[in-house]
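# Okay, sequence plus prediction incoming.
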Amino acid sequence: MGELESIRVFLAVASQRSFAGAARQLGITPASVTRTIAGLEARLGVQLLVRTTRQVSLTSAGAIYAARAGPLADELAEAANETREAEGIISGSLRISAPLSLGVKILPEVLPSFAALHPRTDLQVSLSDGFVDIVEGGFDLAIRISPPPRDKSTIWRKICKVPRLLVAAPAYLRARGRPEHPEDLDDHVCLGYRDDLPEEVWHLSRGRQRHSHKAAGHVCTNNGDLLAQLVRKGEGIALLPQFIIKDALAAGDMVPVLPGWTTPEIWLTLYYPPYEQLPLRVAAFSDFFEAHVGGDSFGADHGISGGG
């Protein structure tokens, strides 16, 4: 194993505090990790790691070596990636953050196709419905469903509108009555999507009419699939992206509520760290994602939409 690869293995062990963990991270055997570290220590003539039955820790010499070798290894890896990108070869890791529902329903159709086209790219996908700081989290890009960002310095790319519908189960409407106007929602159980805001407010409009309603039902959550299941069980009314509920709508398990009233637009959007220029692998995935997703993945308008 070459010098650079030996350093990469050492840094993985130092980061993971484990030979086995480093082996899993690098996709090699623990025995190979052990041999590589032994060879590196022999060449340097110093002990870099202290091994116990419970963990692996750095010696003082190991800490110095890691502090100096880490940035050099990163720079060499980046130089290799830039050289490949200059030749149009897409390689390296691509860390992606995405919402849970979108990740489960949309990405299984996208990721294998992209990986087949670019086998030298390592896709690492993290699903979370909470706010993710992509810079702090070390992500190359984030897929989000949201209104346009307020921060004008944010790098972002609109992909398509994401229609939303106010929906309820037919059984719920038979039991509670069908609202004819947004004011009628006061007499209904309105299930809210809640993330970083204390409560969800539905801003509804029809022509020049405007009405806002707080979704202050007995349940709120930050996951659209859970809200959809609650609606399906007749627990109340919710405002949901159509791509989550299209099968339930087609089956008649849910029906639109207040057709003709619209909500503010939300978009499927790609967010990026403050790159001076998108790395080739990030640009390639962005183009591929937009071409393979588009508006068709998110359904046609059923009344409550306005893109949102």
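Looks like it came in fine.

# Local confidence estimate at the residue located most distally from the centre of the chain?
Distance to the chain centre peaks in the chain at Gly45, reaching 44.8 Å (criterion: CA atoms, centre = their mean). With respect to pLDDT, Gly45 scores 91.

# Please enumerate the strands of the stretch 151-300 of the chain.
Listed in chain order, the strands of the stretch 151-300 of the chain (DSSP state E, counting those that start in this stretch) span 155-161, 164-168, 192-193, 201-206, 209-214, 220-221, 238-241, 255-256, 267-272.

# what about the second one, average pLDDT?
It refers to strand 164-168. Mean predicted confidence for strand 164-168 is 94.

# what's the spacing between it and its chain's center?
24 Å (CA atoms, centre = their mean, to the nearest Å).

# which strands and helices sit next to that strand?
Judged by 3 or more CB pairs under 8 Å, 6 or more residues apart in numbering; DSSP states H and E, the packing partners of strand 164-168 are strand 238-241, helix 242-251, strand 255-256. In this view, the C-beta of every residue, glycine as well, is placed from N, C-alpha and C.

# mind running it again at 6 Å?
Judged by 3 or more CB pairs under 6 Å, 6 or more residues apart in numbering; DSSP states H and E, strand 164-168 is in contact with strand 238-241.

# Report how many residues lie close to Ala98.
22 (other CB atoms under 10 Å).

# hang on, it packs against Ile143?
Yes - assessed by CB atoms under 6 Å, Ala98 is found in contact with Ile143 at 4.2 Å.

# Report the beta-bridge partner residues of Ser126.
Ser97 (DSSP bridges).

# Mean neighbour count and distance to Gly103 added to the strands of the stretch 151-300 of the chain, as JSON lines?
What follows is the strands of the stretch 151-300 of the chain, written out as JSON lines (neighbours: other CB atoms under 10 Å; distance: least, CB to CB, whole Å):
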{"stretch": "strand 155-161", "mean neighbour count": "16", "distance to Gly103": "15"}
{"stretch": "strand 164-168", "mean neighbour count": "27", "distance to Gly103": "18"}
{"stretch": "strand 192-193", "mean neighbour count": "22", "distance to Gly103": "17"}
{"stretch": "strand 201-206", "mean neighbour count": "17", "distance to Gly103": "25"}
{"stretch": "strand 209-214", "mean neighbour count": "13", "distance to Gly103": "29"}
{"stretch": "strand 220-221", "mean neighbour count": "17", "distance to Gly103": "16"}
{"stretch": "strand 238-241", "mean neighbour count": "26", "distance to Gly103": "13"}
{"stretch": "strand 255-256", "mean neighbour count": "18", "distance to Gly103": "26"}
{"stretch": "strand 267-272", "mean neighbour count": "21", "distance to Gly103": "12"}
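
# Could I get the full set of helices for the stretch 1-150 of the chain?
3-16, 19-26, 30-44, 60-86, 100-105, 107-117 (DSSP state H, counting those that start in this stretch).

# between the ones you listed, which one is nearest to Asn223?
Evaluated with CB to CB, those place helix 100-105 nearest to Asn223, the distance being 6.0 Å.

# centre of the chain versus that closest one, how much separation?
With CA atoms, centre = their mean, you get 8 Å for helix 100-105.

# Please pull out the lowest mean pLDDT helix or strand from this structure.
For the chain, counting by mean pLDDT, DSSP states H and E, helix 60-86 ranks last in confidence among helices and strands (a mean of 77).

# Just want the angle from that one to helix 3-16.
Per axes from the mean of the first three to the mean of the last three CA atoms, to 10 degrees, the angle that helix 60-86 makes with helix 3-16 is 120 degrees.

# angle of helix 60-86 against helix 30-44?
Going by the same axes, to 10 degrees, helix 60-86 makes 110 degrees with helix 30-44.

# and helix 60-86, what does it pack onto?
If you count contacts as 3+ CB pairs under 6 Å, 6+ apart, helix 60-86 packs onto helix 3-16.

# Grab the CA positions of the helix it packs on and hand them over as PDB.
C-alpha atoms of helix 3-16 as PDB (Å, rounded to 0.1, in the frame of the first residue of the first chain):
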ATOM      1  CA  GLU A   3       2.300   6.200   1.400                       C
ATOM      2  CA  LEU A   4      -0.800   8.200   0.800                       C
ATOM      3  CA  GLU A   5      -3.100   5.200   1.300                       C
ATOM      4  CA  SER A   6      -1.300   4.400   4.500                       C
ATOM      5  CA  ILE A   7      -1.900   7.900   5.800                       C
ATOM      6  CA  ARG A   8      -5.600   7.600   4.800                       C
ATOM      7  CA  VAL A   9      -5.900   4.400   6.800                       C
ATOM      8  CA  PHE A  10      -4.200   6.000   9.800                       C
ATOM      9  CA  LEU A  11      -6.400   9.000   9.700                       C
ATOM     10  CA  ALA A  12      -9.500   6.800   9.500                       C
ATOM     11  CA  VAL A  13      -8.400   4.900  12.600                       C
ATOM     12  CA  ALA A  14      -7.600   8.100  14.400                       C
ATOM     13  CA  SER A  15     -11.100   9.400  13.600                       C
ATOM     14  CA  GLN A  16     -13.000   6.200  14.400                       C
END
